[in-house]
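# kindly generate the corresponding structure for this input.
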Amino acid sequence: MRWYLVASLLTFLTSSQGILTTLSQSNGRYKYDYATVPFLAEVFKLAVSSLLLWKECQKSPLPKMTTEWKSVALFPIPSIIYLIHNNVQFATLTYVDTSTYQIMGNLKIVTTGILFRLFLGRKLSNLQWMAIVLLAVGTTTSQIRGCGEASCDSLLSAPIQGYMLGVLSACLSALAGVYTEYLMKKNNDSLYWQNVQLYTFGTIFNLARLLLDDFRGGFENGPWWQRIFNGYTITTWMVVLNLGSTGLLVSWLMKYADNIVKVYATSMAMLLTMVLSIFFFNFKPTLQLFLGVIICMMSLHMYFAPPDVLIDLPITIKSDQDRERLIEVSVDRRTRS
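I've put the predicted structure just below:
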């Protein structure tokens with residue numbers, strides 16, 4: 001499967017996450033424990049990866065699976081980074097408002113490019129760097145509201161701690177993605193075997209969160225396994241399947257494409273979500289959204305298009321006959337002059 005097909009599907013699924021999550025609410029509230037959704041999504045990803053690995057093991061030759069503890073011990077690290085990142089997100093929101101937080105979140109586009117270059121040694125052209133910056137500018141532009149609104153007064157007016165935590169959050173998000181790509185590409189192990197390791201630890205960490213929530217709440221609502229499906233509807237199950245499928249697509253991109261493709265897919269998904277919200281939730285389109293979409297499309301073309309399409313290269317002389325004709329024309333012009 002080509003990477004751009006996977007990226008397109010990832011864009012569609014990611015854009016529908018916010019819509020499905022909103023539709024799963026009842027009167028603006030969640031009737032289910034939303035902490036169970038990522039846990040079930042991890043279980044879904046682990047089950048699908050285990051099934052695909054089992055099918056792959058039925059074929060010959062057997063897939064490569066590194067079982068050394070030194071290799072397996074690397075897979076909990078992304079979950080730990082994401083755990084720290086989630087806590088930093090909550091801390092950031094104590095200093096900045098939601099609009100400023102969303103705008104600062106676009107820093108992860110640039111930090112991903114920087115860590116992509118530093119840790120994975122992937123060289124980007126000047127045009128590609130310009131495209132990445134344009135993508136960050138485009139997504140930020142689409143999120144800025146009209147300056148006649150009260151929310152504009154709070155933009156970029158937070159204390160310095162908020163900005164420092166926002167930068168840290170962007171760096172942690174980029175680090176988790178780049179490190180995951182390193183894990184997926186560091187050897188020729190089966191993708192499904194790598195997924196099994198990754199999602200096993202993901203399931204364990206999400207389970208630990210559910211247990212911690214129970215202890216903090218004093219088991220007021222009972223243990224998590226008794227209420228895990230309480231309030232679930234068809235829409236809620238669609239959220240779980242969407243989140244799980246998105247994770248599987250991301251792991252495929254990390255193995256066979258790279259982090260930049262994932263960044264573009266998720267950024268385009270954000271814009272697509274805003275456009276779809278016009279039809280589903282009567283969201284009023286703004287000039288900023290229109291300009292942001294145009295800038296992001298320009299960035300997409302600039303990053304992935306061949307250089308000869310973006311730049312008018314000088315015409316090269318392909319044969320000796322063409323060279324001789326050029327000399328004859330130049331001599332003829334000189335004699336006439």
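# could you check the pLDDT of R117?
Confidence at R117, expressed as pLDDT, is 91.
# for F281, see how far away it is.
Separation of R117 from F281 (C-beta to C-beta, to the nearest Å) stands at 39 Å. C-beta here means a position set from N, CA and C on the backbone, and glycine is covered the same way.
# got it, and L165?
In terms of C-beta to C-beta, L165 sits 30 Å off from F281.
# higher neighbour count, these two?
With neighbours defined as other C-beta atoms under 10 Å, L165 and F281 compare such that L165 has more, 23 against 11.
# isn't the more buried one up against L93?
No. Here L165 lies out of contact with L93, judged by C-beta atoms under 8 Å, at a distance of 9.1 Å.
# count residues in the vicinity of T200, would you?
19.
# can you tell me the helix or strand for it?
T200 is part of helix 191-216, with elements assigned from DSSP states H and E.
# any idea how far that helix is from the chain center?
Relative to its parent chain, helix 191-216 has a centroid offset of 20 Å by C-alpha atoms, centre = their mean, to the nearest Å.
# avg pLDDT for that helix?
Averaged across helix 191-216, pLDDT comes to 93.
# show me what it is packed against.
Here helix 191-216 touches helix 36-57, helix 76-92, helix 160-185, helix 224-227, helix 234-256, going by 3 or more C-beta pairs under 8 Å, 6 or more residues apart in numbering; DSSP states H and E.
# what comes up buried for the fourth one?
By that I understand helix 224-227. Residues of helix 224-227 classed as buried: W224 (neighbour count, 16 or more other C-beta atoms under 10 Å).
# what are the neighbouring residues in contact with the nearest residue to A136 once chain neighbours are set aside?
Sequence neighbours aside, I109 is the residue nearest to A136 in space, at 4.3 Å (criterion: C-beta to C-beta, 6 or more residues apart in numbering). The contact partners of I109, by C-beta atoms under 8 Å, 6 or more residues apart in numbering, come to I132, L135, A136, T139, V263, S267.
# for T11, same thing?
A265, T266, M268, A269, L272.
# about what we covered before: tell me the pLDDT of the residue nearest to A136.
You'll see I109 listed with a pLDDT of 95.
# just the element for it, please.
helix 107-120.
# got the buried residues for that helix?
L107, K108, I109, V110, T111, T112, G113, L115, F116.
# can you show me the CA trace of that helix as PDB?
Taking C-alpha atoms only, helix 107-120 is exported to PDB below (Å, rounded to 0.1, in the frame of the first residue of the first chain):
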ATOM      1  CA  LEU A 107       5.000  24.400  17.600                       C
ATOM      2  CA  LYS A 108       5.200  20.500  17.500                       C
ATOM      3  CA  ILE A 109       5.200  20.800  13.700                       C
ATOM      4  CA  VAL A 110       8.500  22.700  13.700                       C
ATOM      5  CA  THR A 111      10.000  20.700  16.700                       C
ATOM      6  CA  THR A 112       9.200  17.500  14.900                       C
ATOM      7  CA  GLY A 113      11.200  18.700  11.900                       C
ATOM      8  CA  ILE A 114      14.100  19.700  14.100                       C
ATOM      9  CA  LEU A 115      14.300  16.400  16.100                       C
ATOM     10  CA  PHE A 116      13.700  14.500  12.800                       C
ATOM     11  CA  ARG A 117      16.900  16.100  11.600                       C
ATOM     12  CA  LEU A 118      18.900  15.800  14.800                       C
ATOM     13  CA  PHE A 119      18.100  12.300  16.000                       C
ATOM     14  CA  LEU A 120      17.300  10.400  12.800                       C
END
